[in-house]
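In: Sequence and predicted structure, then a few things I'm wondering about:
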Protein chains: 2
Amino acid sequence: MSLVIVGSVAFDTVETPSARRERIVGGSCTHCALAASYFTRPKIVGVVGEDFPAETLAFLRRRRIDLKGLNVVPGGKTFFWQGRYGPDPNERETVQLDVNVFADFNPEIPPSYRNAETVFLANIDPDLQEAILRQVRRPRLTAMDTINHWIQNKREALLRVLREVDILFANDEEIRLLTGERNLIAAGRRVLDMGPRYVALKKGEHGAMVFGRDFFFGIVSHPCGEVVDPTGAGDSFAGGFLGYLDARKTLSAMAIKRAAAYGSVMASFTIEDFGIDRFRTLRKSEVEARFAAFRRMAAF
Amino acid sequence: MSLVIVGSVAFDTVETPSARRERIVGGSCTHCALAASYFTRPKIVGVVGEDFPAETLAFLRRRRIDLKGLNVVPGGKTFFWQGRYGPDPNERETVQLDVNVFADFNPEIPPSYRNAETVFLANIDPDLQEAILRQVRRPRLTAMDTINHWIQNKREALLRVLREVDILFANDEEIRLLTGERNLIAAGRRVLDMGPRYVALKKGEHGAMVFGRDFFFGIVSHPCGEVVDPTGAGDSFAGGFLGYLDARKTLSAMAIKRAAAYGSVMASFTIEDFGIDRFRTLRKSEVEARFAAFRRMAAF
């Protein structure tokens, strides 16, 4: 059991209608790895600058996340994102983006990662995603995420990667842009013709759906009366989803449903605090208790 | 088992991005009663003009809907609504509204309706909703729907009715306007303090949620790749929900969940055709098959 995650490790400045946090630790890779760490041993591939806090690295190691593939660039500055959420936590605006050391990010997979059973290509340039796939030997399961930027500006490369992966993680807007379909059900099904076996559609407060050939699963979000910080919810969803599947070693319909439910549970914890803070205290027993309650709720 | 439904019986002109239908039969009462007719014997209270088609009345009777409480005003014209849907079927605009005979609607419950076990006050003036409640003897279950117009213009009357009913049916916008809460989970819980035991939140393509004291249930919508006409989906949801509960005679947590699932199934059929047309061919076996598939889908 081993899950390699490639993506951003970052500083985020987050504004919500009620609060603001400056330069807290974020990044798709970080959130995903932390969420996955409750199920499996994630190995991350990414890059940070010398300004990245040693305390965070120590925390990630305590969560048994393998950092061999995390490159620390001497004198470099870590990727920085600043975003603002409106009253609807599903909507956000990027205020500032400094790619910094990410500009020259050319991910290299450490030899000890090459036999990974599961590989997640978080949101990065699809050319890099493709390069990663060339460096791993026969993973059992591959998945990718992306954003509107690549769908608009690197469509061909993106479609190439899409043909090779098993699962696409995307949100409403992305899946509509990718397919030109407004109806989410039609859009989800349409993506299956582009290659992947499954499409995991993240709908924020409205839950998630998973489309497959002869397979559909929909789940509402765990009811959350106060979203503190939506950042990282989608990456935590992917982390819980793939961490669970990596540990389970099956792609049965039931495993896919439970993966989506665990993904949803991990996202529901992430948004309870800023950045990665909820993971600092979250115990596996809390994850299991929420999953069990969620499962009871959903059955009728 | 008997379900009294009070609301509008109407003509609708419906425009969707791909089609337009002139003066087809609609109305909250009509949709709700048709959906409920798959579970129980609905009795409707409403008013139409002389222009209302005898064919439709015959069809409602064939579905074993009791029309004793449907007043036909000699020389009168039936309530007319014209609406336009954008690409997002959750959003609609009222183009024209002629209340016609509905202007003097003063609902009177036929004596044979007075022992109804279940009463649904579909969207009408809350003063009329209150008057109805005074005319029925101890129903086991009462429910209401409303719209923004009454929340804004008849808040006090609405709050009085709300204190007396067991279930409020509302959509996102209405529940936010009623409570001043943007977060739907917080809003749903807040309504419970206003009186009802349950709040059924209709979220269109995103499914539905039911809030109760120590109770929460969320369900996605049945996956529909092409919404033909969203009109009546919410009323069909309420019809399936209440029709099922009226037949089941229990308000156990499981019964409420299944009621919501049946509501969701009935709504999913309604939107497959214009107006009430899907009900013309829909068989109970199709309802049960979709419910069973929905239930298997949701379990994990």
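Out: Done, it's in. Numbers count the residues shown, from 1 in each chain, chains lettered A, B, ... in the order given.
In: For the rest of this, base every contact and every neighbour count on C-alpha atoms.
Out: Will do.
In: got a pLDDT number for the residue nearest to A:Asn71 when sequence neighbours are not counted?
Out: Spatial nearest neighbour of A:Asn71, chain neighbours left out: A:Val47 (4.6 Å); criterion: CA to CA, 6 or more residues apart in numbering or on different chains. pLDDT for A:Val47: 97.
In: cool, A:Glu50 as well?
Out: We note a pLDDT of 97 for A:Glu50 in this prediction.
In: Next: A:Thr146.
Out: Looking at A:Thr146, its pLDDT stands at 96.
In: Equivalent analysis for A:Glu91, please.
Out: Looking at A:Glu91, its pLDDT stands at 85.
In: Over to the closest residue to it other than its chain neighbours: give its phi and psi.
Out: Closest residue to A:Glu91 apart from its sequence neighbours, by CA to CA, 6+ apart: A:Tyr85 at 6.2 Å. The phi/psi pair for A:Tyr85 (degrees, to the nearest 10) reads phi -100, psi 140.
In: ok so, going back, give me the helices and strands touching the host helix or strand of the residue nearest to A:Asn71, please.
Out: Per DSSP states H and E, A:Val47 falls inside strand A:42-49. Contacts defined by 3 or more CA pairs under 8 Å, 6 or more residues apart in numbering or on different chains; DSSP states H and E place strand A:42-49 against strand A:3-6, helix A:28-36, strand A:66-73.
In: ok, A:Cys32 - contacts?
Out: Contacts for A:Cys32 (CA atoms under 8 Å, 6 or more residues apart in numbering or on different chains) come out as A:Ile5, A:Gly232, A:Asp235, A:Ser236, A:Phe237, A:Ala238, A:Gly239, A:Gly240.
In: who does the residue nearest to A:Glu91 bridge with?
Out: Legend: beta-bridge partners of A:Tyr85 under DSSP bridges are A:Arg92.
In: ok, now how distant is it from B:Gly188?
Out: A:Tyr85 is 22 Å from B:Gly188, where distance means CA to CA, to the nearest Å.
In: and what of A:Pro223?
Out: 10 Å.
In: Could you check which of those two is surrounded by more residues?
Out: Set A:Pro223 next to B:Gly188 and count neighbours by other CA atoms under 10 Å in any protein chain shown: B:Gly188 wins out with 27 against 18.
In: ok, that one touching B:Glu174?
Out: No - counting by CA atoms under 8 Å, B:Gly188 does not reach B:Glu174; the two are 10.7 Å apart.
In: Tell me the residues of chain A that contact chain B?
Out: By CA under 8 Å from any CA of the partner chain, the part of chain A that sits against chain B consists of A:87-88, A:182-186, A:206, A:216-220, A:223-226, A:254, A:257-258, A:295, A:297-300.
In: filter those to the buried ones?
Out: Among these, the ones that count as buried by 16 or more other CA atoms under 10 Å in any protein chain shown are A:182-186, A:206, A:216-220, A:223-224, A:257-258, A:295, A:297-300.
In: can you map out the strands along the stretch 1-150 of chain A?
Out: Counting by DSSP state E, counting those that start in this stretch, the stretch 1-150 of chain A has strands at residues A:3-6, A:10-15, A:20-26, A:42-49, A:66-73, A:80-85, A:92-98, A:118-121, A:141-145.
In: what residues are up against the residue most central in space within chain A?
Out: The residue lying closest to the centre of chain A (CA atoms, centre = their mean) is A:Asp235, at 2.4 Å. By CA under 8 Å, 6+ apart, A:Asp235 lies in contact with A:Ser28, A:Cys29, A:His31, A:Cys32, A:Ala122, A:Ala267.
In: any idea how far whatever helix or strand A:Ala186 lives in is from the chain center?
Out: Element membership for A:Ala186 (DSSP H and E) is helix A:184-192. When distances are taken as CA atoms, centre = their mean, to the nearest Å, helix A:184-192 is centred 20 Å away from the chain's centroid.
In: Which strands or helices does that helix pack on?
Out: helix A:172-179, strand A:198-202, strand A:208-212.
In: Tell me the strands beside the second one, with direction?
Out: Spelled out, it's strand A:198-202. The pairing partners recorded for strand A:198-202 under DSSP bridges are strand A:167-171 (parallel), strand A:208-212 (antiparallel).
In: and among those, the most buried is which?
Out: Among the strands paired with strand A:198-202, the stretch with the highest mean neighbour count (mean count of other CA atoms under 10 Å in any protein chain shown) is strand A:167-171, at a mean of 25.
In: Show me the shaky parts of the stretch 151-300 of chain A.
Out: The stretch 151-300 of chain A contains no residues with pLDDT under 70.
In: Show me the helices in it, by range?
Out: For the stretch 151-300 of chain A, applying DSSP state H, counting those that start in this stretch gives helices covering A:155-164, A:172-179, A:184-192, A:233-248, A:253-270, A:278-281, A:284-298.
In: and the ones you listed, which is most packed in?
Out: helix A:233-248 comes out most buried of the helices of the stretch 151-300 of chain A by mean count of other CA under 10 Å, with a mean of 28.
In: tell me the angle of that one relative to strand A:42-49?
Out: 140 degrees (axes from the mean of the first three to the mean of the last three CA atoms, to 10 degrees).
In: For the closest residue in space to A:Thr30 that isn't next to it in sequence, give me its contacts.
Out: Nearest non-adjacent residue to A:Thr30, counting by CA to CA, 6+ apart: A:Val9, 5.6 Å away. By CA under 8 Å, 6+ apart, the residues touching A:Val9 are A:Val25, A:Gly26, A:Gly27, A:Ser28, A:Cys29, A:Thr30, A:Gly46, A:Val47, A:Val48, A:Thr78, A:Phe79.
In: I'd like those residues written out as JSON lines, with neighbour count and distance to B:Ala289 added.
Out: As requested, the contacts of A:Val9 are exported to JSON lines (neighbours: other CA atoms under 10 Å in any protein chain shown; distance: CA to CA, whole Å):
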{"residue": "A:Val25", "neighbour count": "20", "distance to B:Ala289": "49"}
{"residue": "A:Gly26", "neighbour count": "24", "distance to B:Ala289": "46"}
{"residue": "A:Gly27", "neighbour count": "25", "distance to B:Ala289": "44"}
{"residue": "A:Ser28", "neighbour count": "26", "distance to B:Ala289": "41"}
{"residue": "A:Cys29", "neighbour count": "29", "distance to B:Ala289": "42"}
{"residue": "A:Thr30", "neighbour count": "28", "distance to B:Ala289": "44"}
{"residue": "A:Gly46", "neighbour count": "25", "distance to B:Ala289": "49"}
{"residue": "A:Val47", "neighbour count": "28", "distance to B:Ala289": "52"}
{"residue": "A:Val48", "neighbour count": "24", "distance to B:Ala289": "54"}
{"residue": "A:Thr78", "neighbour count": "23", "distance to B:Ala289": "55"}
{"residue": "A:Phe79", "neighbour count": "23", "distance to B:Ala289": "52"}
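In: for those residues, which one is nearest B:Thr142?
Out: Comparing the contacts of A:Val9 against B:Thr142 with CA to CA places A:Ser28 closest, at 48.2 Å.
In: ok, residues contacting stretch A:11-30?
Out: For stretch A:11-30, contacts defined as CA under 8 Å, 6+ apart pick out A:5-10, A:44-46, A:56, A:78-87, A:122-123, A:228-229, A:232, A:235, A:274-276.
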